[in-house]
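Q: Need coordinates for the following:
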Amino acid sequence: MPLYEHVFLARQDTSAQQVEELTAQLKGIVEGLGGKVAKTEYWGVKSLAFRMNKNRKAHFTLMNLDAPPAAISEIERQERLNEDVLRFMTVRVEELEEGPSAMMRKSDRDDRGERGDRGFGRGDRFDRGPRRDRSRDDDAPSGDADDNTETEE
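A: Coordinates of the predicted model:
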């Protein structure tokens, strides 16, 4: 049977328990039509890039499926009918990912380092080019500085 990754977004005002019930309902549909759910991951409530149906956040859930195409079309039909589901996407894959998905792996997101470690050199916030020579008088007119200085005797 073909392998699929299915992600759906539920409205933010639904509870986590209602999202789990919806996931169980979809899992029952897939298993009833001869498929199996290899993994489900609840990613939590996350901010959306843009507003969808007056929602700024949504519950994200991933399901890895080993199911016939008829089961996929049935769960997508059920999600279209359900008012709590904002969006869904099903992608056919060659093989299912073992272990936690990229959204659940914390170590991938923490590889950036500290904010202060930007490689600007001596620890300065910004490198503003060559340093000015502080030994010269700032009020001296342009030209050779030795010509304009007075010697003390």
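Q: so where's this structure uncertain?
A: 107-153 (pLDDT under 70).
Q: That one: helices as residue ranges?
A: Taking DSSP state H as the test, the helices found in the chain are 16-32, 69-81, 106-109, 145-148.
Q: which helices and strands does the longest one pack with?
A: When you say that, I think you mean helix 16-32. For helix 16-32, the elements it packs on are strand 3-11, strand 36-52, strand 55-66, helix 69-81, judged by 3 or more CB pairs under 8 Å, 6 or more residues apart in numbering; DSSP states H and E. In this view, the C-beta of every residue, glycine as well, is placed from N, C-alpha and C.
Q: Tell me which of these sits nearest to Arg87.
A: Closest to Arg87 of the helices and strands packed on helix 16-32 is strand 3-11 (CB to CB; 4.7 Å).
Q: hmm, who's touching that closest one?
A: 18-19, 22, 26, 48, 52-53, 55, 58-67, 72, 75, 79, 83-97 (CB atoms under 8 Å, 6 or more residues apart in numbering).
Q: So how do I select the buried members of the residues you listed in ChimeraX?
A: Buried members of the contacts of strand 3-11 can be picked out in ChimeraX with the line below, counting by 16 or more other CB atoms under 10 Å:
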select :19,22,26,58,59,60,61,62,63,64,65,66,67,72,75,79,84,85,86,88,90
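Q: nearest to Arg105, of the helices and strands packed on helix 16-32?
A: Of the helices and strands packed on helix 16-32, nearest to Arg105 by CB to CB is strand 36-52, at 11.0 Å.
Q: what's next to that closest one, contact-wise?
A: Outside strand 36-52, the residues touching it (CB under 8 Å, 6+ apart) are 9, 12, 16, 19-20, 23, 27, 30-31, 55-67, 86-87, 96, 100-101, 103-104.
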